[in-house]
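Enquirer: this is a predicted model, with the sequence first.
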Amino acid sequence: MQAAIYQEMTEINRFLDKKGIAHRPIVEVGPFPSRLQASAWMEYMARKHAEQKMECYSLGYMNRRPWYGFIFEETNEPPA
């Protein structure tokens, strides 16, 4: 499992595609009013799933738009 926080879904998908990470969302959450609150959620999820090494990603413009998060798993399918 992996986690990400973002402001624009298209941007996080593009980022993961560039890294060659095909993925399937498991949980999607938000909106969070700030990056700090979204980061706190992601850290909580990483602690909750400490038995698994969870890679975390953060991508946003640091503007006033809300933040979102999601937990996802890699798939064997090539990125779209």
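Expert: Yep, that arrived. Keep in mind it's a predicted model, so treat the numbers as computed, not measured.

Enquirer: contacts, neighbours, all on C-alpha from now
Expert: Noted.

Enquirer: contact partners for Tyr61?
Expert: The contact partners of Tyr61, taken as Cα atoms under 8 Å, 6 or more residues apart in numbering, are Gln7.

Enquirer: pull the distance from stretch 36-45 to the chain's centre.
Expert: Distance, stretch centre to chain centre, for stretch 36-45: 10 Å (Cα atoms, centre = their mean, to the nearest Å).

Enquirer: enumerate the positions of that stretch that are buried.
Expert: For stretch 36-45, a neighbour-count test (16 or more other Cα atoms under 10 Å) marks Ala38, Ser39, Trp41, Met42, Met45 as buried.

Enquirer: looking at the residues you listed, which is nearest Gly20?
Expert: Proximity of the buried residues of stretch 36-45 to Gly20, judged by Cα to Cα, is greatest for Met42, which lies at 21.7 Å.
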